[in-house]
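Chemist: Sharing a sequence plus its predicted fold:
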Amino acid sequence: MSTSKNPDIRVRFAPSPTGYLHVGGLRTALFNYLFAKKNNGSFILRIEDTDRKRYIPGAQEDLLKTIKEVGLDYDEGPVIGGEYGPYIQSERSDLYRKYALELIDKGAAYYCFCSEERLEKLRNDAKKNNTVVMYDGTCRNLSPEEVQEKLAQNVPHVIRLKIPREGSTVFYDVVRERVEVDNALVDDQVIIKSDGFPTYHLANVVDDHLMRISHVIRGEEWLISVPKHIFMYESLGWKVPKFVHLPLLLNPDKTKLSKRQGDVAVEDYLAKGYLPEALTNFIALLGWHAKDDREFYTLEELVNAFSLKRISRSGAVFDVEKLKWMNGSYLRKLDLEYIAKKAKPFFEKAGIDISDHEKYLRVVDNARNRAATIPEMIVHSEMFYKELIFSDEDEDIMSKEKAQKLFSFWIEKLSTQENWTENEIKDLVKETTDVVGVKGKDLYSPLRLALFGEVHGPDIPALIDILGTKEAIARLKSVLNVA
């Protein structure tokens, strides 16, 4: 079977290095990735760094690291290269100016020399009059002589699109189907800024054409910009790609997802002990669902199930509680060694010595069955490594005569052999009831307290298995004759 790429399917994820990777950005990247892999196409990563005012040093490296950590390997892009590079927009600046000038030559764009003060007044007047903020077209009809004179005088300027004032733009979106926008409502978008850098709109269209992008899959917020993009494609004589606009991600109160109501950065969730597998699974189900409405998917299963037709139009609520539930499920079902590796930095940060790897695995296996995130696993693990601290109420329970007899009996019995099986410990519990005369709460509460520091916790066989016989005996001896 051929493994060559389908040249007709090429999609891209094009983040800006202006900070963290937003969870909405991860969903956009994921849907592009799934569509490409499902159709044996190419998934391209492109860095859109033309907004120099918002550029943050190091953000690009963080983006690449995060995308790799969640398993979205790209076919072309920074570092690995490809046939249509460079894949960083600041390295493609000459291209954008070339096509901006071509748009001017074709009457589809023009130089605008309006000052920032004048533009600010337009914005303020529109707000006062409660109208849409739009450029009023003052420079649309400057004569060629006027333009050349101002350019010769080095008057600061931008280049704007010359959107037709009449008619409408009709296009088809895979999610929203037929969309029609009145051209009179479309602003004369700036495509080259006064610093010479392109805006998103021009760079996006030029790069999508030159990189042969077949499907533009991006957030709903860009839907309103499509008429501007189509105008550029058609003015330059280029084929228009297919558009797929994803629904908004919402807070539980149905407002647009924002940092004011919780974390929105992928990095924050990974740092808080959420697994990449759980995060991508959870995010895949925000605004998309498969035919069988399953909850759990591996990345490969998502590829097989994915279809653009099953993307919803309505916004999707980012429910952190559901993410926690899903993460807890992944903690329990993924390979133990893998979870232990993921948890290692958290245990080390907590000051826990995990040099005894076999014990560490037993601890992790116990904790992952009781936690939703890795930091919660620490809460269920510290007592296996640190000296237990008891409250007055705890000491009162352990100082009772039957509890003391219980401890003495277990010290004696455990000392008879080094290793104990689960069934042997269960038999010892039964024998304790017969010999010492304690059962139920009177047996389990003091024994768990002595071994674990809490009256509720793992079964006694699990405690002995995790601690080991030697440590279990030492802990029981430490509470003999407790005050």
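Modeler: Here it is on my side, so go on. Remember, predicted model here, so these are calculated numbers, not experimental data. Residues are numbered from 1 along each chain as shown.

Chemist: show me where the chain has strands.
Modeler: Along the chain, the segments classed as strands by DSSP state E run 10-13, 42-45, 109-112, 158-161, 168-173, 177-182, 190-192, 215-219, 242-246, 249-250, 316-317.

Chemist: In TSV: those, plus mean neighbour count and distance to residue 126.
Modeler: Bear in mind the C-beta positions are built from the backbone N, C-alpha and C, glycine included. Below are these laid out as TSV (neighbours: other C-beta atoms under 10 Å; distance: least, C-beta to C-beta, whole Å):
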stretch	mean neighbour count	distance to residue 126
strand 10-13	26	34
strand 42-45	24	37
strand 109-112	22	17
strand 158-161	24	17
strand 168-173	15	22
strand 177-182	12	18
strand 190-192	24	16
strand 215-219	22	25
strand 242-246	21	26
strand 249-250	21	28
strand 316-317	18	32
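
Chemist: Using a markdown table, lay out those together with mean pLDDT.
Modeler: Shown next, in a markdown table, are the strands of the chain (pLDDT from 0 to 100):
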| stretch | mean pLDDT |
| --- | --- |
| strand 10-13 | 98 |
| strand 42-45 | 98 |
| strand 109-112 | 98 |
| strand 158-161 | 98 |
| strand 168-173 | 97 |
| strand 177-182 | 96 |
| strand 190-192 | 97 |
| strand 215-219 | 97 |
| strand 242-246 | 98 |
| strand 249-250 | 93 |
| strand 316-317 | 94 |
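
Chemist: Format those strands as TSV; extra columns: distance to residue 60.
Modeler: Listed next are the strands of the chain as TSV, based on distance: least, C-beta to C-beta, whole Å:
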stretch	distance to residue 60
strand 10-13	13
strand 42-45	11
strand 109-112	29
strand 158-161	26
strand 168-173	30
strand 177-182	33
strand 190-192	23
strand 215-219	19
strand 242-246	23
strand 249-250	23
strand 316-317	28
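
Chemist: Residue 231: which of these is closest?
Modeler: When the strands of the chain are compared by C-beta to C-beta, strand 158-161 sits nearest residue 231, at 6.3 Å.

Chemist: what does the closest one rub up against?
Modeler: For strand 158-161, contacts defined as C-beta atoms under 8 Å, 6 or more residues apart in numbering pick out 100, 103-104, 108-112, 135, 139, 188-194, 201, 228, 231-232.

Chemist: which ones are touching residue 167?
Modeler: By C-beta under 8 Å, 6+ apart, the neighbours of residue 167 are residue 183.

Chemist: wait, I meant residue 75
Modeler: Counted by C-beta under 8 Å, 6+ apart, residue 75 has contacts 5, 36, 42-44, 82.

Chemist: again with residue 100
Modeler: 109, 159, 191-192, 198, 202.

Chemist: For those residues, name the two members farthest from one another.
Modeler: 109 and 198 (11.7 Å).

Chemist: residues bridging contact with the two, i.e. touching both?
Modeler: By C-beta under 8 Å, 6+ apart, residue 109 and residue 198 have these common neighbours: 100, 191.

Chemist: The most centrally placed residue in the chain: what's its closest spatial neighbour, skipping adjacent residues?
Modeler: Against the mean C-alpha coordinate of the chain, by C-alpha atoms, centre = their mean, the closest residue is residue 266 at 3.5 Å. Distances taken as C-beta to C-beta, 6 or more residues apart in numbering put residue 21 closest to residue 266, at 4.5 Å, once the chain neighbours are dropped.

Chemist: Repeat that for residue 104.
Modeler: For residue 104, the closest residue by C-beta to C-beta, 6+ apart turns out to be residue 110, at 6.4 Å.

Chemist: ok, what's across the strand from the one you found?
Modeler: residue 160 (DSSP bridges).

Chemist: Test my guess that it contacts residue 138.
Modeler: No: with contact defined as C-beta atoms under 8 Å, residue 110 and residue 138 do not form a contacting pair (10.5 Å).

Chemist: Spit out the contact partners of residue 226.
Modeler: So residue 226 contacts 169, 171, 173, 179, 181, 243 (C-beta under 8 Å, 6+ apart).

Chemist: partners of the last one in the sheet?
Modeler: Right, the one you point to is residue 243. Beta-bridge partners, per DSSP bridges, of residue 243: residue 173, residue 216.

Chemist: quick one, what contacts it?
Modeler: Residue 243 touches 171-174, 215-216, 226, counting by C-beta under 8 Å, 6+ apart.

Chemist: For it, give its distance to residue 214.
Modeler: 11 Å (C-beta to C-beta, to the nearest Å).

Chemist: how about residue 476, what does it touch?
Modeler: 407, 410-411, 414, 450-451.

Chemist: Among those residues, which one lies nearest to residue 339?
Modeler: Of the contacts of residue 476, the one sitting nearest to residue 339 (C-beta to C-beta) turns out to be residue 451, at 23.7 Å.

Chemist: Give the closest residue to that closest one in space, chain neighbours not counted.
Modeler: Nearest to residue 451 is residue 463, by C-beta to C-beta, 6+ apart, at 4.8 Å.

Chemist: Kindly report the same for residue 317.
Modeler: residue 250 (5.0 Å).

Chemist: Check residue 185 too.
Modeler: In space, residue 185 is closest to residue 132, 7.1 Å off (C-beta to C-beta, 6+ apart).

Chemist: The one you found: how many residues sit nearby?
Modeler: Residues contacting residue 132 under the criterion other C-beta atoms under 10 Å number 8.

Chemist: Isn't it up against residue 123?
Modeler: No: Residue 132 is beyond contact range of residue 123, at 10.7 Å (criterion: C-beta under 8 Å).

Chemist: The residue nearest to residue 309 when sequence neighbours are not counted: what's it in contact with?
Modeler: Leaving out its chain neighbours, the residue that sits closest to residue 309 by C-beta to C-beta, 6+ apart is residue 174, at 7.3 Å. Applying C-beta under 8 Å, 6+ apart to residue 174 gives the contacts 215, 242-244, 308-309, 311.

Chemist: Distance to residue 147 added to the residues you listed, as a markdown table?
Modeler: Converted to a markdown table, the contacts of residue 174 look like this (distance: C-beta to C-beta, whole Å):
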| residue | distance to residue 147 |
| --- | --- |
| 215 | 38 |
| 242 | 37 |
| 243 | 34 |
| 244 | 39 |
| 308 | 44 |
| 309 | 48 |
| 311 | 45 |
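
Chemist: State the number of residues packed around the closest residue to residue 67 other than its chain neighbours.
Modeler: Closest residue in space to residue 67, ignoring its immediate chain neighbours: residue 29 at 6.5 Å, by C-beta to C-beta, 6+ apart. Using other C-beta under 10 Å, residue 29 is surrounded by 28 other residues.

Chemist: Per-residue pLDDT of residue 29, please?
Modeler: pLDDT recorded at residue 29 is 97.

Chemist: Residue 308 versus that one, what's the distance?
Modeler: Distance from residue 29 to residue 308, by C-beta to C-beta: 15 Å.

Chemist: Next, the contact list for residue 104, please.
Modeler: 110-111, 159.

Chemist: before we move on, back to that, now the residue nearest to residue 317, which residues is it bridged with?
Modeler: Here residue 250, judged by DSSP bridges, has bridge partners residue 256, residue 317.
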